[in-house]
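Participant: sharing a model that was predicted from the sequence below.
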Amino acid sequence: MRTTVLLVVVCLVGCSDDSASTLREQLATETALAVSPESNGTILADRGTYEGWHQRTVALEVEWGELRVITEPSGALLVQRLEVALAPFTISEPAYPDIRLKEIIVELVSPTRVETEWLDDSGRASARLQLKLSSTVTVNSGSLPVSSPRLAPMPVELVLTGGDAVHAELRVDTSGVLWSYVDEVRLADLSLALTASS
């Protein structure tokens, strides 16, 4: 199974430096980039039953998100924050209670330094980011907050472009099961297209 994440974000605050001549200089102060709630995607949600795992594709909606970055004197990019909130979704299977995931947050475990190649108005980087997933699982009327162990480090490709605003595209490719919950739910094969506008 492969996971592909495309993250396109636009800078909201701290991104304008009239004296900066390059994107690297523009990002010398901490820059916050907001993920658009118009983003969407899909994920493969496996439901465990007595008959085995039943698979279905679930449509995902992004509620909000933020990426914060800053360049270091060495030229490396420090990813200080990456957090994305997904809208609730239900995993159904006939003859079994519905399981609903809500308050779903995917976030960076800790700030990560990324070696970056810079041109005047763009930067490109490859790295592995350590993410974690937390959510609340609801079965019938009962709810249980769940925080997963750290997900396996995900290889990412990050592209930044400058101008009046700073834009970023973050691509992630990984394989294997992303997350499972007490042999009832298993999430894998994630595809996200997170976009933003200035």
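Facilitator: Happy to help now that I have it.
Participant: could you use CA atoms for every contact and neighbour count after this?
Facilitator: OK.
Participant: the bottom helix or strand of this structure by mean pLDDT?
Facilitator: For the chain, scoring each helix and strand by mean pLDDT, DSSP states H and E identifies strand 2-13 as the least confident one, at a mean of 50.
Participant: any idea which element the nearest residue to Q55 once chain neighbours are set aside lies in?
Facilitator: Nearest non-adjacent residue to Q55, counting by C-alpha to C-alpha, 6 or more residues apart in numbering: D46, 4.4 Å away. Element membership of D46 [criterion: DSSP states H and E] is strand 40-49.
Participant: mind checking what helix or strand follows that strand in sequence?
Facilitator: Sequence order places strand 52-71 as the next helix or strand after strand 40-49, per DSSP H and E.
Participant: quick one: contacts of the strand holding D46?
Facilitator: Contacting residues not belonging to strand 40-49 are listed as 53-62, 91-93, 96, 183-194 [C-alpha atoms under 8 Å, 6 or more residues apart in numbering].
Participant: now do that strand, average pLDDT.
Facilitator: What strand 40-49 shows for mean pLDDT is 84.
Participant: buried ones in the helix or strand encompassing L170?
Facilitator: Here L170 sits within strand 167-175, counting by DSSP H and E. Neighbour-count burial for strand 167-175, with 16 or more other C-alpha atoms under 10 Å as criterion, is recorded at 167-174.
Participant: for stretch 62-72, same thing?
Facilitator: Judged by neighbour count (16+ other C-alpha under 10 Å), stretch 62-72 contains these buried residues: 62-72.
Participant: neighbouring strands for the strand holding L170, and are they parallel or not?
Facilitator: Partners of strand 167-175 in the sheet, by DSSP bridges, are strand 2-13 (antiparallel), strand 154-161 (antiparallel).
Participant: what mean pLDDT does the shortest one get?
Facilitator: It refers to strand 154-161. Across strand 154-161, pLDDT averages out at 84.
Participant: how distant is it from the center of its chain?
Facilitator: Centre-to-centre, strand 154-161 and its host chain are 12 Å apart (C-alpha atoms, centre = their mean, to the nearest Å).
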